[in-house]
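Enquirer: Next come a sequence and a model predicted from it.
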Amino acid sequence: MAFMVAEVYATHYRGGTFYYKRLGKAKIRVFWRLSFQLINYYPEYYCNEVGDNLIAENLLALTCIDCGTNTTILTPLKLKCTSISQEMGWSLLDGQVDYMADRKEFTMAFKTIDTCTDSSWIKLENYGAGKCWSLLTKVDTSIKNDSPQVQAGLPVYRVRHGCKRLIDLNPTDGDGDPTKCRWANDDECPEGRDSNDVNRVCGRATSLTKLYQEECKIEFITGEDDLQGWYGASVMIEDFPDKTYRKAKSTVPFQFLLDVTAPGSCVGPKIDLEECSVIAPGETWDSEVTASIQKGSDASIITEIQGSYPSGMTMSYVKGSEPRKKVVKAKLSFTPETEGTYVFSFTATDENGVQNDPKSGRLIVSADGLPFEQQVSPPVILPEQSTPVVNSEYEGTDAFWKIKFDSPVTRPKTKALIKIQDMQGDVVAKYNALDNDVVRFPDSDPTIVQYPAPSGLEGGKGYVVFVESGFGERVWTTPCGRSAKAVSDTAMYNFKIPKPPEPEVECGDSYIKVSIPKTYVNNIPASELHLHDTRCKIEDNDPMYYQIEFGYDECGTIIKRSSKSKTKFFNTIRDDPKPIFTGAPVTRAKHKIEMQIICEMRGVGVNDVFFKPVAAVNPEKYKATGEFKTYLKMYEDSSYNKDITGTASVELKETLYFSAKSTSSKDVAIESCRAMAKFGTCTENDKKYTFIENGCGVDSSVSFIPSGLDHRFSIKSFGFLQYGLTNEVFVKCKMVSCKPGASSSRCADLKRGNCSRRRRSIGNFEEESDTFMTFRM
């Protein structure tokens, strides 16, 4: 570990800093920036113009105080003028030298050869007159590390009494290490003039001065008891492996003066400059710094712009905007050859000598030569790594699909959609990136976006994934500290849903086996599917297929002989829609699944053998003819103008119109009506549904319509939950025919709506009859 100490003999010292760059084990390049009073009395430090080369006093030497050999590194120091302030009376002087020590850890010191004598510092209000100063740096070449540095520190900051000044040291570190600032401690203080000098220049300028360590900013406040004059301050800048700030890798000093002047307006000149730029090595950077009188100032003109900037940068006033004006402009020019971050700082004085807070800027020199935001391309969608894959047949069962990007993305701040479209451009599903509950941007893999797999895609059809521009954002912080983003472009890619596999039926010698792809029935739970006999449930023992196996004479299987050599066996796999009411055998909702299973068997086998037993007595046949006294008709609409012949095909919940009629000129009334499946399942599930009882509508949709001798009603159509081959509904009504005009007849009672009246015996002029008809769902 090394210490660098600098001591000066006279009152012309204005502050300074030392830092280093590691060149190898035990070898470093030492840099310094020192400030001295700009006065002819000290020609060693007097700059006529920027770029002058000077030689420091012989009283000063750079040494390694704990090395065994080669202890004198350099004396006198070589200096180059970097910046000058005639108004503030100082010059900034840079220099460097390479040094090889005889050990990896060592102590360096820049100091007077003889004992420190009177007036090394200018008379300080916080420490007194004739104080020594020293700069101290710790060096450790056993680790690969370059020390932090302060390029933008000014030697003197001026503030009026009663005002405050905020100073941003803006340190940089070539390794990118986090930095932190603190006041110098006792071990880092300069030595006293003698044994009686215990009040050494070390630490803060005043008791009210605040140091914000992680930001490396100093807030200088003058208290009521603080006098006008000079105040010295000593800060140490350290770099660390990480932001736990446990052990510093290196420590460098920065010392400066504060000049407290008479009270007055606290408003000094305003500084405007380009705060951050990026260029390539060898490229020339040209910019401007502007100083102007602000509102609230008690001054009218700018007298000078002062700056601390890298060696090689030049500042020259713009013609027509020189000092002694309300607005002053200076041109900055710099052509760096080496990559890195170069920091600069400027302030200005008015005719009252008042300054404002200095303003800093950074120039980032990068071999890429372009601003960082121009180097970063927007995120690109990779369809070949997305789900579904571009131009593929998607056969997966993923709950979520994904979009793959070539770089990490974040959720956008504005609406952007993913659309799933068919080949005609119709949208079948869409997802908004702003919907946190639907669209996922997982932290585990920031290069993907997930969204729910769409439902209802048809097999054998092609689709398009359309991703709107801006669905994925790439957000970053530029080297200049600005937030920037690039958004994804519009993307489209095709995929296809393969035609789903068809159900398979195996007709064995004694069994029927059915395998149904789950996707074919939209993954309806197996518990909701059954055969004619509802006790015969579908089994779910395979990840891809539902299966059921049953005998030819089981589960309500219907047997039909189609020819002498062929026999057909019918059953149906279906679900149960919601009934009209709990326990009702009928429904007005459609079945979601209706799959008819047919096994046609030919040849001799147990499944197609039929026999007719010979009865003990041959049956005798007797035949007669008759005619229904009443009949039931269905009509197309409520006008009852056109009736329907045969079995009508109707939609569920469609209103059906019926009329009871007599074959003679008699009054007709409906006593009751019930329905049943024309083709039953031959199981206990075959039930009847009564919708008119004792002349009353049991079904809530029944409505009676007055119509003279006829008896009309309407009802919303329904279908049976359980039925056989087809869903045809057989309707049977019991009717009463009466003598026309008899007000006390049963017909009159029923038509008047006296349906709750007890049924009485049929008189001479009243008779009952049944009639029926069918309709198909």
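Expert: Cool, the structure landed.
Enquirer: contacts and neighbour counts: CA atoms only from here.
Expert: Noted.
Enquirer: Could you tell me how many residues sit around the spatially closest residue to Ala589 that is not a sequence neighbour?
Expert: In this structure, Ala589 finds its nearest non-sequential neighbour in Pro577, 5.8 Å apart by CA to CA, 6 or more residues apart in numbering. The number of residues packed around Pro577, counting by other CA atoms under 10 Å, is 17.
Enquirer: and stretch 500-518, what's its mean pLDDT?
Expert: What stretch 500-518 shows for mean pLDDT is 91.
Enquirer: what's it in contact with?
Expert: The contact list for stretch 500-518, computed with CA atoms under 8 Å, 6 or more residues apart in numbering, reads 459-460, 519-520, 524, 544-552, 597, 599, 601, 605-607.
Enquirer: Among these, name the buried ones.
Expert: For these, a neighbour count by 16 or more other CA atoms under 10 Å gives the buried set as 459, 519-520, 545-549, 551-552, 597, 599, 601, 607.
Enquirer: Which of the contacts of stretch 500-518 fall in helices?
Expert: Among those, none falls in helices (DSSP state H).
Enquirer: Could you measure from the closest residue to Arg204 other than its chain neighbours over to Ala109?
Expert: Closest residue to Arg204 in three dimensions, ignoring its sequence neighbours and counting by CA to CA, 6+ apart: Ala233, at 5.1 Å. To Ala109, Ala233 is 19 Å away according to CA to CA, to the nearest Å.
Enquirer: and if you look at Ser234?
Expert: In terms of CA to CA, Ser234 sits 16 Å off from Ala109.
Enquirer: Equivalent analysis for Glu339, please.
Expert: Note on Glu339: its distance to Ala109, by CA to CA, is 29 Å.
Enquirer: Give me the more crowded residue out of these two.
Expert: Using other CA under 10 Å as the criterion, Glu339 and Ala109 rank with Ala109 on top: 25 against 15.
Enquirer: May I have the strands that pair with the helix or strand that contains the more buried one, each with its orientation?
Expert: Following DSSP states H and E, one finds Ala109 within strand 105-112. According to DSSP bridges, strand 105-112 forms sheet pairs with strand 60-64 (antiparallel), strand 138-140 (antiparallel).
Enquirer: I'd like these written out as JSON lines, with distance to Asp426, mean pLDDT and mean neighbour count added.
Expert: As requested, these are exported to JSON lines (distance: least, CA to CA, whole Å; pLDDT from 0 to 100; neighbours: other CA atoms under 10 Å):
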{"stretch": "strand 60-64", "distance to Asp426": "81", "mean pLDDT": "85", "mean neighbour count": "22"}
{"stretch": "strand 138-140", "distance to Asp426": "70", "mean pLDDT": "90", "mean neighbour count": "26"}
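Enquirer: got JSON lines for those, with distance to Cys266 too?
Expert: Formatted as JSON lines, the strands paired with strand 105-112 follow (distance: least, CA to CA, whole Å):
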{"stretch": "strand 60-64", "distance to Cys266": "39"}
{"stretch": "strand 138-140", "distance to Cys266": "39"}
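Enquirer: Tell me which of those strands sits nearest to Thr534.
Expert: Closest approach to Thr534 among the strands paired with strand 105-112 is made by strand 138-140 (87.1 Å; CA to CA).
Enquirer: any idea how far the closest one is from the chain center?
Expert: 46 Å (CA atoms, centre = their mean, to the nearest Å).
Enquirer: which element follows that strand toward the C-terminus?
Expert: Helices and strands here follow DSSP H and E; after strand 138-140, the next one along the chain is strand 148-149.
Enquirer: who does that next one pair up with?
Expert: As defined by DSSP bridges, the strand partners of strand 148-149 come to strand 172-173 (antiparallel).
Enquirer: Just the mean pLDDT for the strand it pairs with, thanks.
Expert: For strand 172-173, mean pLDDT is 94.
Enquirer: Quick one: list the elements packing against the next helix or strand after that strand.
Expert: Once the chain leaves strand 172-173, the next helix or strand it forms, by DSSP H and E, is strand 179-183. For strand 179-183, the elements it packs on are strand 210-212, strand 229-239, judged by 3 or more CA pairs under 8 Å, 6 or more residues apart in numbering; DSSP states H and E.
Enquirer: Not counting sequence-adjacent ones, nearest residue to Thr69?
Expert: Using CA to CA, 6+ apart, the nearest residue to Thr69 is Asp102, at 6.7 Å.
Enquirer: wait, what's in contact with the one you found?
Expert: Contacts of Asp102 by CA under 8 Å, 6+ apart are 26, 67-70.
Enquirer: what secondary structure does Leu750 sit in?
Expert: Taking DSSP: H, G, I helix; E, B strand; the rest coil as the rule, one finds Leu750 in the helix state.
Enquirer: Out of the helices and strands packed on strand 179-183, which one sits most buried?
Expert: strand 229-239 (a mean of 24; mean count of other CA atoms under 10 Å).
Enquirer: Adding distance to Glu671 and mean pLDDT, write the helices and strands packed on strand 179-183 out as JSON lines.
Expert: Shown next, in JSON lines, are the helices and strands packed on strand 179-183 (distance: least, CA to CA, whole Å; pLDDT from 0 to 100):
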{"stretch": "strand 210-212", "distance to Glu671": "99", "mean pLDDT": "95"}
{"stretch": "strand 229-239", "distance to Glu671": "102", "mean pLDDT": "94"}
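Enquirer: So which of the ones you listed is nearest Arg22?
Expert: It's strand 229-239; of the helices and strands packed on strand 179-183, that one is closest to Arg22 (CA to CA) at 14.1 Å.
Enquirer: For Ile39, give me the pLDDT.
Expert: For Ile39, pLDDT reads 90.
Enquirer: Distance check, it against Tyr46.
Expert: From Ile39 to Tyr46 the distance is 6 Å (CA to CA).
Enquirer: So for those two, which residue has more residues nearby?
Expert: Tyr46 (21 against 16).
Enquirer: picking that back up, so which of the contacts of stretch 500-518 belong to strands?
Expert: Assigned to strands by DSSP state E, the following of the contacts of stretch 500-518 qualify: 545-550, 597, 599, 601.
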